[in-house]
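Trainee: Everything below, folded, please.
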Amino acid sequence: KKVVILSIMMQSTNQKSDALQSVIGIFLQSSHSPEKVIDAMACIGVSISQSAIHSAIWSLLAESHRNICALGKTMLASYAYANFDVDLKSHQPVAKKSSDTLKHLTLGLLFPL
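Mentor: Model (predicted):
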């Protein structure tokens with residue numbers, strides 16, 4: 001409780017000190033919380049706004065993309081691929097039955113050596 005209160009007070013005085021709110025916002029986004037919940041949490045100062053969450057996720061994505069590209073260019077990496085099948089069955093009855101529920105996917109991993 002003390003950490004949350006202190007973090008809210010710090011954010012109200014300095015807009016750049018929102019580390020805890022950023023973590024909470026990204027957690028809410030990753031757990032598929034409704035937009036209204038995230039907006040309410042942002043209004044009371046516990047989370048960051050929807051647009052800030054999206055900007056943070058895109059920034060993390062761009063940084064990880066640059067790191068993966070740099071690792072691949074060093075030639076000190078190992079590549080691994082895995083093929084797997086997923087059967088996407090509907091839990092709710094649908095009027096039109098689709099016989100194509102099996103999806104074939106490939107996963108690629110890059111390991112530093």
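Trainee: Below-threshold pLDDT in the chain: ranges please.
Mentor: Along the chain, the model assigns pLDDT under 70 to residues 1, 7-8, 10-17, 92-99.
Trainee: Tell me which stretches of it form helices.
Mentor: Under the criterion DSSP state H, the chain contains helices at 2-13, 19-30, 35-44, 50-73.
Trainee: TSV please, covering those and showing distance to residue 79.
Mentor: For every residue, glycine as well, the C-beta is placed using N, CA and C. Output for the helices of the chain, formatted as TSV (distance: least, CB to CB, whole Å):
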stretch	distance to residue 79
helix 2-13	41
helix 19-30	27
helix 35-44	37
helix 50-73	8
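Trainee: now, of the ones you listed, which is deepest in the fold?
Mentor: Per-stretch averages of neighbours, counted by mean count of other CB atoms under 10 Å, single out helix 19-30 among those, with a mean of 17.
Trainee: what does it contact?
Mentor: 3-4, 7, 11, 37-38, 41-42, 45-49, 52-53, 56-57 (CB atoms under 8 Å, 6 or more residues apart in numbering).
Trainee: Lovely, talk soon.
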